[in-house]
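Visitor: Build me a model from this:
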Amino acid sequence: MSRKNVAVIGCGIGKSHIIEGYVPHPDKFKVAAICDLNEDRLNAVADEFDIPVRTTSFEECLQNDDIDIIDICTPPGIHREQVVAALANGKHVICEKPLTGSLADVDAIMAAEKTAKGTLMPIFQYRYGDGIEKAKRIIEAGIAGKAYMGSVETFWLRTADYYAVPWRGKWDTELGGVLVTHALHLHDMMMHLMGPAAKVFGRVATRVNDIEVEDCASASLEMANGAFVTLSCTLGSQEQISRLRLHFENVTFESSHEPYAPGKDPWKILAANDAVQRQIDEVIGDWQPVSPRFTTQMDHFHRYLCGNGPLPVSSSDARRALELVTAIYQSSDSGAQVALPVNTDSPKYASWRAKTK
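Guide: Reported below is the predicted structural model:
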């Protein structure tokens with residue numbers, strides 16, 4: 001299998017990509033370059049992981065012919081320009097969430113993909129782990145049956161110290177609040193298991209911190225399959241919890257409550273009766289442990305690049321998650337339910353900050 005050379009752009013969450021995504025796969029990836037504007041942090045990470053090329057220039061990484069993959073871990077406000085530039089330079093691209101800050105920008109990225117030599121993979125690492133992947137297999141096998149109801153809770157804590165980082169908490173640089181930078185993971189997990197939303201009523205507010213963007217939100221969804229789902233998220237919880245509880249005709253699933261790895265076991269998988277349990281045992285009885293988060297997502301991306309599997313997360317997946325964000329913002333602003341899809345005629349299509357008439 002071909003080993004891919006990676007340039008990691010940004011040493012914040014980028015360090016987690018290295019630790020979880022690349023170090024466990026030395027036969028598949030080599031972090032050949034690292035880029036950050038903070039030279040002290042840049043040199044510390046480069047020294048720790050013996051990365052040969054260290055630079056403060058994104059352009060230098062783009063022009064490096066030895067680099068196969070540009071892994072973008074920068075503040076969200078510059079994701080679009082960096083993704084488009086990397087694609088234009090023939091690189092494969094990994095990009096942290098949120099992919100970008102509006103549906104118009106997502107569509108511009110998707111247009112750039114159509115003529116690019118490389119492939120873009122957005123990051124949704126919470127999809128990976130034993131718990132969520134067992135649930136996905138059971139649902140896809142048809143055992144769970146009709147989807148009834150779900151609840152998704154992103155109850156995290158972020159204080160003034162967190163927002164002391166200059167780009168956080170601002171529309172121009174972070175692109176949004178709890179919906180965009182925190183709960184987006186859980187909401188993607190829910191749609192990964194229950195499919196897309198069809199109708200959205202939402203509310204957002206800034207109640208916890210002195211910031212521009214929202215830190216509390218709630219929404220009521222009607223899914224395309226007819227199920228109802230409630231979303232609740234805050235950055236003011238004194239106990240940090242990520243939790244999905246999804247009710248189907250034959251099975252109820254409840255995730256791990258671990259805030260930053262809810263895809264891991266233990267998950268509750270509650271069968272309606274013994275016959276359903278036997279079916280579940282048949283489809284997951286041979287289960288082999290799955291590494292959570294970046295470890296498995298990066299492994300699947302390498303398989304895709306080598307022609308051995310599907311693209312694990314696509315720009316369409318990122319668009320679906322950001323379409324839900326757009327609908328919640330629009331509903332909160334207008335006080336009305338929003339039907340999906342959200343199209344170019346939406347007042348929030350080009351900018352979440354635009355006022356709804």
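
Visitor: for this structure, what spans make up the helices?
Guide: Residue ranges of the helices in the chain, as given by DSSP state H, are 13-16, 39-49, 58-63, 79-88, 103-114, 130-140, 171-174, 178-181, 184-194, 274-284, 294-305, 315-334.

Visitor: just the angle between the fifth one and helix 315-334, please?
Guide: Spelled out, it's helix 103-114. 170 degrees (axes from the mean of the first three to the mean of the last three CA atoms, to 10 degrees).

Visitor: tell me the angle of helix 103-114 relative to helix 79-88?
Guide: Computed by the same axes, to 10 degrees, the angle between helix 103-114 and helix 79-88 is 10 degrees.

Visitor: Tell me how far helix 103-114 lies from the chain's centre.
Guide: 17 Å (CA atoms, centre = their mean, to the nearest Å).

Visitor: Now that helix: buried residues?
Guide: 103-106, 109-110, 112-113 (16 or more other CB atoms under 10 Å). Yep, even glycine has a C-beta here, placed from its N, CA and C like the rest.

Visitor: ok so, going back, with residue 351 as the reference, name the closest of the helices of the chain.
Guide: helix 103-114 (7.8 Å; CB to CB).

Visitor: For residue 2, the count of nearby residues, please.
Guide: 9 (other CB atoms under 10 Å).

Visitor: Was I right to think it contacts residue 306?
Guide: Yes: between residue 2 and residue 306 there is a contact at 6.2 Å, judged by CB atoms under 8 Å.

Visitor: Verify the contact between residue 201 and residue 330 for me.
Guide: No: contact criterion CB under 8 Å: residue 201 and residue 330 do not qualify, at 10.4 Å.

Visitor: who does residue 223 bridge with?
Guide: Per DSSP bridges, the residues bridged to residue 223 are residue 197.

Visitor: try residue 248
Guide: Per DSSP bridges, the residues bridged to residue 248 are residue 147.

Visitor: joint contacts of residue 201 and residue 330?
Guide: Counting by CB atoms under 8 Å, 6 or more residues apart in numbering, the common neighbours of residue 201 and residue 330 are residue 338.

Visitor: of those two, who's got more company?
Guide: Shown here are residue 201 and residue 330; by other CB under 10 Å, residue 330 has more neighbours (22 against 17).

Visitor: Quick one: residues contacting the residue sitting nearest the centre point of the chain.
Guide: Centroid check for the chain by CA atoms, centre = their mean gives residue 124 as the closest residue, at 3.1 Å. For residue 124, the contacting residues are 97, 185, 188, 192, 297, 313, 317-318, 321, by CB under 8 Å, 6+ apart.

Visitor: swap the cut-off to 10 Å and go again
Guide: Going by CB atoms under 10 Å, 6 or more residues apart in numbering, residue 124 touches 97, 99, 184-185, 188-189, 192, 263, 297, 312-314, 317-318, 321.

Visitor: could you flag which of those are buried?
Guide: Buried, going by 16+ other CB under 10 Å: 97, 99, 184-185, 188-189, 192, 263, 297, 312-314, 317-318, 321, out of the contacts of residue 124.

Visitor: burial measure for the closest residue to residue 145 other than its chain neighbours, as a count.
Guide: Using CB to CB, 6 or more residues apart in numbering and skipping residues adjacent in sequence, the residue nearest residue 145 is residue 249, 3.1 Å away. Residue 249 has 12 neighbours, counted by other CB under 10 Å.
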